[in-house]
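# quick one, what's the 3D model for this:
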Amino acid sequence: NEFAARQPLCLSHDDENPNQATWLMLLDGRKSALARTMERCLVLFDGRDEEAVQGARQDWQEYKAQGDSLTYFRQNARGGWDAKR
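Purely as a prediction, here's the structure:
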């Protein structure tokens, strides 16, 4: 996309950073070589899907072993979100 550098948000299925973003959001178990170069990387998954949960747990262990600072959020009974470490 010739205008990607001017976009505040760039959606892509390729592992690229055409707008020089500092945050990365990964969905559906995707991995990215860019994750460790970002200021922040968010990994979103369906907590009702046991396969997705197991994949997220494995990713958590890998990121933790690499020394990354990790936080996850769990939805509470009131519908809000609580940070966990």
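
# so where is the protein shaky, pLDDT-wise?
Counting by pLDDT under 70, the ranges of the chain that qualify are 1.

# show me the strands in this structure, by range?
23-27, 40-44, 72-75, 81-84 (DSSP state E).

# okay, now the sheet partners of the third one, with direction.
When sheet partners are counted by DSSP bridges, strand 72-75 sits next to strand 81-84 (antiparallel).

# could you list the alpha-carbon positions for the partner strand in PDB?
Provided in PDB are the C-alpha atoms of strand 81-84 (Å, rounded to 0.1, in the frame of the first residue of the first chain):
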ATOM      1  CA  TRP A  81     -11.100  -6.600  33.000                       C
ATOM      2  CA  ASP A  82      -8.500  -7.400  35.700                       C
ATOM      3  CA  ALA A  83      -4.800  -7.300  35.000                       C
ATOM      4  CA  LYS A  84      -2.800 -10.400  36.000                       C
END
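
# buried ones in that strand?
By neighbour count on 16 or more other Cβ atoms under 10 Å, the buried set for strand 81-84 is empty. Yep, even glycine has a C-beta here, placed from its N, CA and C like the rest.

# cool, and stretch 59-79?
Under the neighbour-count criterion of 16+ other Cβ under 10 Å, stretch 59-79 has Asp59, Tyr63 buried.

# re the thing from before, adding distance to Tyr63, write the strands of the chain out as a markdown table.
Formatted as a markdown table, the strands of the chain follow (distance: least, Cβ to Cβ, whole Å):
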| stretch | distance to Tyr63 |
| --- | --- |
| strand 23-27 | 11 |
| strand 40-44 | 8 |
| strand 72-75 | 11 |
| strand 81-84 | 14 |
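
# closest one to Asp14 among those?
The stretch from those with the least distance to Asp14 (Cβ to Cβ) is strand 23-27; that distance is 12.6 Å.

# the closest one vs strand 40-44, what angle?
20 degrees (axes from the mean of the first three to the mean of the last three Cα atoms, to 10 degrees).

# tally of neighbours for Val43?
20 (other Cβ atoms under 10 Å).

# for Leu24, that is, sorry about that
For Leu24, using other Cβ under 10 Å, the count is 19.
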